[in-house]
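# Build me a model from this:
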Amino acid sequence: MSIALVIVDMQETVVRNKLDQQTIDHACEYINHVADQLRSNSHFVVHVQDVEGMDEAGREQLHFIPEVDLHDVDFIITKESSNAFWQTELEQVLESKGVKLVIIAGFAAEECVLFTYNGALERGFKAVMLQNGILSTHTDAVASVYRDRNVISYPVVDYLARV
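Residues are numbered from 1 along each chain as shown. The predicted model follows:
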């Protein structure tokens, strides 16, 4: 079974100045660990970049934060709505790689992360949230997402990545 980690909106202009550095570092530690495990076992990492409302000149301002490791083998998908599957090539990319399990991480738990999770389910993927890998400016939103959705921990990902 192929697995994909979909990292949503971890961009400088989206995350910086909205969250404290400790919160960002904590989530990125988990995101980077899972991404490394998946890459090293021939699975996939997708970075989703929100470009909603940006013209070509403004898109350079939307680069990913340096705390999230970006590798040449990773895919980058741009989106213009909250759901990373909506009117993007994400579904086709995942299907072409035989992905069955989609792990969602990133910002913001109550918006783009949740909508992308729902989008994965609607398209027939098994979807889970990465425990300690989602962020929000509202701590109750993170707790709500974890309470009401399927969650996966990094030790389980480590195991599944090698199976």
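
# residues making contact with the lowest-mean-pLDDT helix or strand in the chain?
In the chain, the helix or strand scored least confidently by mean pLDDT, DSSP states H and E is helix 12-15, which has a mean of 89. For helix 12-15, contacts defined as Cβ atoms under 8 Å, 6 or more residues apart in numbering pick out 9, 24, 50, 61, 62, 63, 64, 65, 107, 135. Any C-beta I mention is one placed from the backbone N, CA and C, and that applies to glycine too.

# Pull out the buried residues from those.
Neighbour counting by 16 or more other Cβ atoms under 10 Å classes 9, 24, 50, 62, 64, 65, 107, 135 among these as buried.

# Now render those residues as TSV, adding pLDDT.
Below are the buried ones among the contacts of helix 12-15 laid out as TSV (pLDDT from 0 to 100):
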residue	pLDDT
9	96
24	97
50	92
62	78
64	94
65	95
107	97
135	97
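
# Show me those that map onto helices.
residue 24 (DSSP state H).

# Which ones among the buried ones among the contacts of helix 12-15 map onto strands?
50, 107, 135 (DSSP state E).

# out of those residues, who's nearest residue 32?
Nearest to residue 32 among these is residue 135, at 13.9 Å by Cβ to Cβ.

# give the contact list for the closest one.
For residue 135, the contact set (Cβ under 8 Å, 6+ apart) comprises 15, 19, 23, 24, 27, 106, 107, 108, 109, 142.

# one more time with 7 Å, if that's ok
Residue 135 makes contact with 19, 23, 27, 106, 107, 108, 109, according to Cβ atoms under 7 Å, 6 or more residues apart in numbering.

# which residues does it form a beta bridge with?
The partner list for residue 135 in beta bridges (DSSP bridges) reads residue 107.

# could the buried ones among the contacts of helix 12-15 be laid out in TSV, adding distance to residue 151?
Formatted as TSV, these follow (distance: Cβ to Cβ, whole Å):
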residue	distance to residue 151
9	19
24	20
50	23
62	28
64	24
65	23
107	17
135	15
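
# Might one say that residue 80 is in contact with residue 51?
Yes - here residue 80 reaches residue 51: they are 6.0 Å apart, a contact under Cβ atoms under 7 Å.

# Return the per-residue confidence for the nearest residue to residue 51 once chain neighbours are set aside.
Excluding the flanking residues, the one nearest residue 51 by Cβ to Cβ, 6 or more residues apart in numbering is residue 78, at 4.8 Å. We have a pLDDT of 94 for residue 78.
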